[in-house]
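Undergrad: kindly return the folded structure for what I paste below:
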Amino acid sequence: MKTKLLYLVTEDWFFLSHRLPLARAAKEAGYDVIVVTRVDQGGQKILDEGFRLVPVEFSRSHAKPIRDFLTLLTIIRIYFQQKPDLVHHVALKPVVYGSIASMVTRIPVTVNALTGLGFVFSSSKKKAFLLRSIIKPVLKWFLSRKSAWVIVQNPDDQRLLINEKMVRKEKLFLIKGSGVDPEVYYPGSEQHEAINVILTGRMLRDKGVIEFVEAAKIILRSGANARFILIGDIDPESPSSLTREELTSWVESGVVEWLGYRKDMPELLRNSDIVCLPSFYGEGVPKSLIEAAACGKPIVTTDAPGCREIVRDGVNGFLVPVRNVEALAKAIQTLLDDPGLREMMGKKGREMVIKEFTEEKVITETLSLYKKALGQREQ
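TA: You can find the predicted model right below:
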């Protein structure tokens, strides 16, 4: 009988963009793969992959307790019905809800993937502080259970969990991001008149979108021949989301272009010159930056957890202080002025991805963790 592996993810698009290659590899390795997620437009694609799909109405908002409680009850029911041998929870809310469901239904093995510690752990807002005071002891209880294994994406999160004694060291694994296929994301040459500076990701304040726009204003006032382009959609369920009106006003003022959500990211990255992410979100390792480096693009990002894992300052890009618009503008301007530096940094970034951040490496390390966790259960 095949080992049942269940993925619990908030959104179908996130599963497809961040966990599909892993799930494919698990299926090829003999696992019976079940995907539990909120279904929007990606349901048929998940089914076409040969996975079983179980819809659940996830809310990523922190202000809907009744809906969240009903979601928790649904997850418990699904775990009772599916009886998985191993569950892989992806991101903070699935880790919390999935861990409760696993305890109630006595799931043998749980793998809890913390893809960065996000708004709750990174924000200084009062709401985040209150949530943090509640979640930390709860998370410690879940992550320290005998059946629990934990994945983090960067050493900062690894140190935090160890220093707070939230996880036993032997149950904590550092796996850097979700990886990238370097055969899909590969370099392209600069063949356009203006220099394209892009920011890709959800349009969140905590991703540094406002700082990017302010830096663009500074640079454009100096007469630079550059285009500043935002790629990604708003996220109304995030407390950090920008509004469509805010983005439209920046576009109308001529500071930035906003392309919204796009499916042709490899091509867009190849046609860019500089990739920027001034995030203070509490990232794991941003997939957008791994993709940018794979495409041979120099990166400007913040000296913050997760972001600094994919950028070596002065080697394949620049690290700037969080929320420092002047430093951000200066770093971008340095790259605008020096095409040779852009090319050199792009090559170094591509080399780094091939060595540390491929899908193949992430898949191998994760499947090895599954095998180890299941093996210990059987001993």
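Undergrad: from now on I want contacts and neighbour counts done on CA atoms only, so please keep to that.
TA: Will do.
Undergrad: can you map out the strands along the protein?
TA: Assigned by DSSP state E, the chain shows strands spanning 4-11, 32-38, 52-55, 86-90, 109-114, 148-152, 172-174, 195-200, 226-231, 257-258, 274-277, 299-302, 317-320.
Undergrad: quick one: contacts for Val256?
TA: The neighbours of Val256, taking CA atoms under 8 Å, 6 or more residues apart in numbering as the test, are 213, 216, 227-230, 250.
Undergrad: right, so the strands of the chain: which one is the most enclosed?
TA: strand 299-302 (a mean of 30; mean count of other CA atoms under 10 Å).
Undergrad: so what touches that strand?
TA: Strand 299-302 has contacts (CA under 8 Å, 6+ apart) with 274-280, 289, 292-293, 307-308, 311, 316-322, 328, 331-332.
Undergrad: same check on stretch 314-331?
TA: The contact list for stretch 314-331 (CA under 8 Å, 6+ apart) reads 208, 211-212, 214-216, 218-219, 278-280, 293, 298-304, 308, 311-313, 344-349.
Undergrad: chain center to that stretch, what's the gap?
TA: In terms of CA atoms, centre = their mean, to the nearest Å, the centre of stretch 314-331 is found 21 Å from the chain centre.
Undergrad: can you point out the buried residues in it?
TA: Applying a neighbour-count criterion of 16 or more other CA atoms under 10 Å, one finds 315-320, 322-323, 325, 327-329, 331 buried in stretch 314-331.
Undergrad: wait, what's in contact with Tyr79?
TA: Counted by CA under 8 Å, 6+ apart, Tyr79 has contacts 101-102, 105, 107.
Undergrad: ok, and the most crowded of these?
TA: Neighbour counts for those (other CA atoms under 10 Å) peak at Ser102, which has 26 neighbours.
Undergrad: quick one: pLDDT of that residue?
TA: Here the pLDDT value assigned to Ser102 is 97.
Undergrad: distance of it relative to Val35?
TA: 15 Å (CA to CA, to the nearest Å).
Undergrad: one step back: can you redo the buried residues of stretch 314-331 as a markdown table with distance to Leu70 and pLDDT?
TA: Putting the buried residues of stretch 314-331 into a markdown table (distance: CA to CA, whole Å; pLDDT from 0 to 100) gives the following:
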| residue | distance to Leu70 | pLDDT |
| --- | --- | --- |
| Val315 | 49 | 98 |
| Asn316 | 46 | 98 |
| Gly317 | 45 | 98 |
| Phe318 | 45 | 98 |
| Leu319 | 43 | 98 |
| Val320 | 43 | 98 |
| Val322 | 38 | 95 |
| Arg323 | 38 | 95 |
| Val325 | 43 | 98 |
| Ala327 | 46 | 98 |
| Leu328 | 44 | 98 |
| Ala329 | 46 | 98 |
| Ala331 | 47 | 98 |
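Undergrad: return the subset of the contacts of Tyr79 lying in helices.
TA: Among the contacts of Tyr79, the members falling in helices (DSSP state H) are 101-102, 105.
Undergrad: shaky segments in the chain?
TA: For the chain, the stretches flagged by pLDDT under 70 are 60-63, 118-125, 127-129, 190-191, 377-379.
Undergrad: domains for it, by residue range?
TA: What the record gives for the chain is the domain set 4-178+358-378, 195-356, from automatic domain parsing.
Undergrad: distance between the ends of the last one?
TA: By that I understand domain 195-356. 29 Å.
Undergrad: how about stretch 148-159?
TA: Start-to-end span of stretch 148-159 (CA to CA) is 18 Å.
Undergrad: just checking, Glu257 touches Thr248?
TA: No - Glu257 is beyond contact range of Thr248, at 9.0 Å (criterion: CA atoms under 8 Å).
Undergrad: what count of nearby residues applies to Ser368?
TA: Residues near Ser368, counting by other CA under 10 Å: 11.
Undergrad: what does Lys126 give?
TA: Lys126, neighbours per other CA under 10 Å, totals 9.
Undergrad: Tyr7 contacts His88, doesn't it?
TA: Yes - taking CA under 8 Å as the definition, Tyr7 is a contact partner of His88 at 4.8 Å.
Undergrad: can you pull the contacts of Asp181?
TA: Going by CA under 8 Å, 6+ apart, Asp181 touches 358-360.
Undergrad: among those residues, name the buried ones.
TA: The buried subset of those (16+ other CA under 10 Å) comprises 358-360.
Undergrad: could I get the domains of the chain as TSV with distance to Pro187?
TA: What follows is those, written out as TSV (distance: least, CA to CA, whole Å):
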stretch	distance to Pro187
domain 4-178+358-378	15
domain 195-356	4
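Undergrad: buried deepest among those, which one?
TA: Highest mean neighbour count among these (mean count of other CA under 10 Å): domain 195-356, a mean of 20.
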